[in-house]
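Student: Model the structure of this input:
(chains A, B, C and D)
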There are 4 protein chains.
Amino acid sequence: MLVVMQTDATQTDIDRVCGAIKEMGYQAVPMPGGQRTAIGLVGNDGRVDDSQISALPGVAQVIHVSKPYKQVSREWRPESTIVQIAPGVRVGGSDVVVIAGPCSVESEQQIVTAARAVRAAGATALRGGAFKPRSSPYAFQGLGKHGLELLALARRETGLPVVTEAMDEAGANLVAEYADCIQIGARNMQNYSLLKAVGRLNKPVLLKRGMAATINDLLLSAEYILAEGNGQVVLCERGVRSFDSAARNMFDLNAIPIVHKLSHLPIIADPSHGTGLREKVTPMARAAVAAGADGVIVEVHPNPDRALSDGAQSLFPDQFAKLVNELRLIARAIDRAVAPSPGTAPIEVG
Amino acid sequence: MLVVMQTDATQTDIDRVCGAIKEMGYQAVPMPGGQRTAIGLVGNDGRVDDSQISALPGVAQVIHVSKPYKQVSREWRPESTIVQIAPGVRVGGSDVVVIAGPCSVESEQQIVTAARAVRAAGATALRGGAFKPRSSPYAFQGLGKHGLELLALARRETGLPVVTEAMDEAGANLVAEYADCIQIGARNMQNYSLLKAVGRLNKPVLLKRGMAATINDLLLSAEYILAEGNGQVVLCERGVRSFDSAARNMFDLNAIPIVHKLSHLPIIADPSHGTGLREKVTPMARAAVAAGADGVIVEVHPNPDRALSDGAQSLFPDQFAKLVNELRLIARAIDRAVAPSPGTAPIEVG
Amino acid sequence: MLVVMQTDATQTDIDRVCGAIKEMGYQAVPMPGGQRTAIGLVGNDGRVDDSQISALPGVAQVIHVSKPYKQVSREWRPESTIVQIAPGVRVGGSDVVVIAGPCSVESEQQIVTAARAVRAAGATALRGGAFKPRSSPYAFQGLGKHGLELLALARRETGLPVVTEAMDEAGANLVAEYADCIQIGARNMQNYSLLKAVGRLNKPVLLKRGMAATINDLLLSAEYILAEGNGQVVLCERGVRSFDSAARNMFDLNAIPIVHKLSHLPIIADPSHGTGLREKVTPMARAAVAAGADGVIVEVHPNPDRALSDGAQSLFPDQFAKLVNELRLIARAIDRAVAPSPGTAPIEVG
Amino acid sequence: MLVVMQTDATQTDIDRVCGAIKEMGYQAVPMPGGQRTAIGLVGNDGRVDDSQISALPGVAQVIHVSKPYKQVSREWRPESTIVQIAPGVRVGGSDVVVIAGPCSVESEQQIVTAARAVRAAGATALRGGAFKPRSSPYAFQGLGKHGLELLALARRETGLPVVTEAMDEAGANLVAEYADCIQIGARNMQNYSLLKAVGRLNKPVLLKRGMAATINDLLLSAEYILAEGNGQVVLCERGVRSFDSAARNMFDLNAIPIVHKLSHLPIIADPSHGTGLREKVTPMARAAVAAGADGVIVEVHPNPDRALSDGAQSLFPDQFAKLVNELRLIARAIDRAVAPSPGTAPIEVG
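Tutor: Numbering: from 1, shown residues only, chains lettered A, B, ... in the order given. Below is the predicted model:
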């Protein structure tokens, strides 16, 4: 930790900061400069709480050199974590997973048709919302528990493990009962009560980046889950807010190599929400894999024109099948492979 | 609603959109242009769900003319709502309320001292966190229920009504039991389960704008509360994320007149979180009142250098007292007045 | 300067950085930590060029403690600069200036009528564009030199000094000939050739903040002008890009106290471009003065409905007159005063 | 164009807008709704100037259906433009160009060594700055005309065409004399005087996206160049400002398919400035090609540790050689190919 003093800080101010650092059990190293003095804090083993320092007179700024998170960092665990969301379906290894399905579960026929279509095209897992966070209280909010039952049915029909969102603790318990991986949506990325709740469950968690969350915020939210004992966390880049309305979100693919450098957790990308535009999903899914994503999660609807939510960003099944083929080639170009659908042999490409 | 067609849309595409509009019970008015055709939807009484339209072939964009919210809008209720958070303490009328207190409740001595200090300086209500949403799981998370008991004690000592945050449904029930106004923090602005829960309580709610929430998003989140039957909602601008790290947040004071135009709900401003810097709190609090805010919420700590959270943005009691005096002059300049502390006579200024 | 090493940096990496620092003539102070080593650079008299350091193996980050600018900083010059744009019209003292006029000069009648109206309402200076930077090449680009002649005519008629924009070196020379203050617009804030050109002229410069410029960037651009020898620079906050389309820009009033802390240069605010909405101009102009702005620059058009540019954000003359009265009261509340129009006595308020 | 009226607009307001539309020579189609009336403008052949409409009483918003640009749009020219920057070096066809070289030209030895290295690794063109826009007036500003002479020398030595930046009209004329393609940097994207100047030259232009420019803004700036008669424009995504300091910029790869949809102009990507971090350049260059970019422009320095600018984001020559090989595989996966270096045969991959 480095404490930067104001240019008009007095020697008394500097001494007071050094005293407070020593009181906390660390060593203080003042470094006088032409414009101002900075004071290094030496001897810490992780990030130091600066609340006793930052408000002292004469302090201009406190700069942290240590990261604020621990268990999610590569420094804590150098080897990459592999999260198994179902037998044979692992996220974070050399395989690239493809999670696909409709935005919302709408009916038995819809979800089973969708599951079969994405299975046939090569998906590794099924997505579909039973609990839907919608900006408007008057929009379709999902089928709830019945939606979870239909997802479980679609899993029995296709063998695809199920990823679906929970919005509160009660919902998380239900999702854990029916599904294979609990998704925490962007709007709840800093709902710490919910993060703690899923941290106490023994289920993989897919944690989506919030709409204005820095990568640091995302890792800190994951830390909440690990701190409760659940290390099976997959991160997800899904686009952030920006000044440009040309797309629904700005898809920050650079987050992928940045997370891989800072953390041992796997990270996938969601080009459907990341762009909000059907015809941009394919190039951005390709880009995500080329950037090193451990997977993609894509909205596919058997009949997007009739979807109850997000139809305009859902791929048609044949578009999705073509995409999976392209992803296989891209993955191979960087010495990876798209994961085979559960129960099938690896795909030969080229 | 206006459906803008792609330039290469065919007559069949246009007819299909017109057909879908008619199927929904509205009238379709095609407007051919030099570059492209647009199709107006006529006859709606509020915002139309576009999910059946936006995914149709040839559709470039759907533009909504109606607002997506209803009960929060000025069109629904032209006169301004006044929220009474305690007898005599009303937000949204001609008075400007000043809510003040420490970031967190730390001890009986701290909260009672703080409450007395802000009461003496002219505050209208007391703030202080018992449940603290912290980015890091290892940071001080608040005293919980015991903090609420101490807030209730400080209220008995000073007569100041209490505003404090809830982070989940269980916490909201507790806060409703002990406090006068339930705060929903920025990180939970789109925690719809929590919004619905406080919508079912009969307590005023202070809803803070999320870090990347548009004003439209903020109003939609308020709509969740009103839709459950609770109309006592006060909105709060507290700064949003920006590209400039010169301050912790970008304080969007223009949100105040914009909200006043779009909605009947009162809106206050939080210059402490809005700036994150003690010495910017005073000018920005003044600016908020000059911009027409119905109140300000300000962090004041009896001893900011020792605060367990956010010390660097807390005012010292004497700074706060000086601020309240300045706010009285600013309020008078725009024909308003700072609300008197509960149980005191109106203040004469000038 | 602090060099933060990667956690896996070797002792060789650390030694190499220390060596490079010493080679540059400074002292290196390594500070080993639990996670990583940081190396302080001691003995510098201003910001050090880090290009020889930041690319060395094992370096994670270089953190500058010194500011990158010099002459614009309060450390360079503690007392506030007062820029005189005409005899008796000074920006940066206790008076708050009000610069007003149409977006563009359109005709003799329009600019003279506007100048008389804003003079009558209490403006201190006249604004009006002769060279207009427009996003579209097909939009009205201004009257050019003829516009400057009309501005000079309006000055003769009213006594108001003239502020108008230049877009390139040739234009700056012309503006310097006809007007009292050369405006550099937001789009040209980092047009360094133009900044150097106006730095060589002996005329006050009004430098507007770029659409995504940090305050640091703004001060560095001002430094370009001072470095060429022209110290008469007034800064201007005019709103930045944000994710919310509720207003044309996000008006960052916190920039005002931040600039006042970091720099001795005066700063004014432009609520017309800062909001882009006529009915928000008045509350935001009031807020700017309450926040401590040294002036405001406001668009006023004798007939906004017929303005060739930016009509929707221009005030009507009577709205402007009412605003000036409110600004007088706000200024008085913080012990300042709105500057009188040139040639008139100070206004008594209250 | 759609004119949305305020909910409290009177019939007189509506009639006035309809009258103004007719006065402009178009047809007005009022569409009454439950909340408000909207008025369609019919009969326009391109974007209509709304300045006479948007400021009328009762108008809430004007929504444009037509694009504000013309010649850059796919509607104006459906087939993709191919810009030839040198004989055999074409941008915008099926080949993907790789432009590489140091940030700045520093010396004859440096630029010739760099040019040979990138040529050997498979680059198609050489980049290197002679005129450098630097945030600080005290940073290295480039070698100027001598830098251009060294670039011309490096071209003679390697056969690589040269892309280099101009910062003003005089510089553009010089660059046009020595180089093959004139780069307009991000900071000058809205320097309209410069855009017009390069529009009058008969040289290809590489136009970089501004730091807070929307895609719409970028296309409008290109329109300035085309409107002056120069259609040889290559666009470039180079990252935009964001709230996350994890990288220097947010690299908006979704801009690539969006531009390809809206415009016939080619677009390349700059992962060096887009990320600002050496180790992110490779994954992001791969992602750019996977997203459909017509090329990449990458900083490579023979000795990044000694670079006078941007060393921390420059690739080492061997990293660059490995990258080009990966790009060949990615390009092939989407049925494209990396362009061969000038004077060499196409590369076989696989």
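Student: between whichever strand or helix holds residue A:176 and helix B:169-178, how many degrees?
Tutor: Element membership of residue A:176 [criterion: DSSP states H and E] is helix A:169-178. Between helix A:169-178 and helix B:169-178, the angle formed by their directions is 160 degrees, by axes from the mean of the first three to the mean of the last three C-alpha atoms, to 10 degrees.
Student: Pairing partners for the next helix or strand after helix A:169-178, with directions?
Tutor: In the C-terminal direction, the helix or strand that comes right after helix A:169-178 (DSSP H and E) is strand A:181-184. According to DSSP bridges, strand A:181-184 forms sheet pairs with strand A:162-165 (parallel), strand A:205-208 (parallel).
Student: Make CSV out of those strands and add mean neighbour count, distance to residue C:19 and mean pLDDT.
Tutor: For glycine as for every other residue, the C-beta is placed from the backbone atoms N, C-alpha and C. Converted to CSV, the strands paired with strand A:181-184 look like this (neighbours: other C-beta atoms under 10 Å in any protein chain shown; distance: least, C-beta to C-beta, whole Å; pLDDT from 0 to 100):
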stretch, mean neighbour count, distance to residue C:19, mean pLDDT
strand A:162-165, 26, 52, 98
strand A:205-208, 27, 43, 98
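Student: closest one to residue A:37 among the ones you listed?
Tutor: Closest to residue A:37 of the strands paired with strand A:181-184, according to C-beta to C-beta: strand A:205-208, at 41.1 Å.
Student: Could you list the buried residues of the helix or strand containing residue A:279?
Tutor: Assigned by DSSP H and E, residue A:279 belongs to helix A:278-290. Burial within helix A:278-290, assessed by neighbour count using 16 or more other C-beta atoms under 10 Å in any protein chain shown, is assigned to A:278, A:280, A:281, A:282, A:283, A:284, A:285, A:286, A:287, A:288, A:289, A:290.
Student: do it and chain D meet at all?
Tutor: Yes. Contact of helix A:278-290 with chain D is found when judged by C-beta under 8 Å from any C-beta of the partner chain, involving A:279, A:280, A:283, A:284, A:286, A:287, A:288, A:289, A:290.
Student: where does chain A dip in pLDDT?
Tutor: The model of chain A has pLDDT under 70 over residues A:345-350.
Student: where exactly do the helices run in it?
Tutor: Assigned by DSSP state H, the helices in chain A fall at A:11-23, A:108-121, A:145-158, A:169-178, A:192-199, A:215-227, A:255-262, A:271-275, A:278-290, A:317-333.
Student: Pipe these into a markdown table and attach distance to residue D:315 per row.
Tutor: Shown next, in a markdown table, are the helices of chain A (distance: least, C-beta to C-beta, whole Å):
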| stretch | distance to residue D:315 |
| --- | --- |
| helix A:11-23 | 41 |
| helix A:108-121 | 37 |
| helix A:145-158 | 44 |
| helix A:169-178 | 45 |
| helix A:192-199 | 39 |
| helix A:215-227 | 23 |
| helix A:255-262 | 14 |
| helix A:271-275 | 27 |
| helix A:278-290 | 17 |
| helix A:317-333 | 19 |
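Student: Most tightly packed of the ones you listed?
Tutor: Mean neighbours per residue, mean count of other C-beta atoms under 10 Å in any protein chain shown, is largest over these for helix A:271-275, with a mean of 29.
Student: Check which helices and strands that one is in contact with.
Tutor: Contact partners of helix A:271-275 among helices and strands, from 3 or more C-beta pairs under 8 Å, 6 or more residues apart in numbering or on different chains; DSSP states H and E: helix A:278-290, strand A:295-299.
Student: For the buried residues of helix A:278-290, work out which two are farthest apart.
Tutor: Using C-beta to C-beta, these reach their maximum pairwise distance at A:278 and A:290, which is 20.2 Å.
Student: Which residues of the stretch 51-200 of chain A lie near chain C?
Tutor: The stretch 51-200 of chain A comes close to chain C at residues A:63, A:65, A:66, A:67, A:75, as judged by C-beta under 8 Å from any C-beta.
Student: Go again with 7 Å.
Tutor: Proximity of the stretch 51-200 of chain A to chain C, by C-beta under 7 Å from any C-beta of the partner chain, involves residues A:63, A:65, A:66, A:75.
Student: pretty sure the last one is touching residue C:6, no?
Tutor: This points to residue A:75. No. In this structure, residue A:75 is not within contact of residue C:6 by C-beta atoms under 7 Å, at 9.7 Å.
Student: the more surrounded of those two?
Tutor: Regarding residue A:75 and residue C:6, a neighbour count based on other C-beta atoms under 10 Å in any protein chain shown identifies residue A:75 as having more, with 20 against 16.
Student: Quick check: closest non-adjacent residue to the more buried one.
Tutor: Taking C-beta to C-beta, 6 or more residues apart in numbering or on different chains as the measure, residue A:75 lies nearest to residue C:7, with 4.9 Å between them; neighbours along the chain are not counted.
Student: Contact partners for that neighbour?
Tutor: The neighbours of residue C:7, taking C-beta atoms under 7 Å, 6 or more residues apart in numbering or on different chains as the test, are A:75, C:35, C:36.
Student: show me what contacts residue A:37?
Tutor: Applying C-beta under 7 Å, 6+ apart to residue A:37 gives the contacts A:5, A:9, A:14, A:30, A:31.
Student: tell me which of the contacts of residue C:7 is nearest to residue B:71?
Tutor: residue A:75 (50.1 Å).
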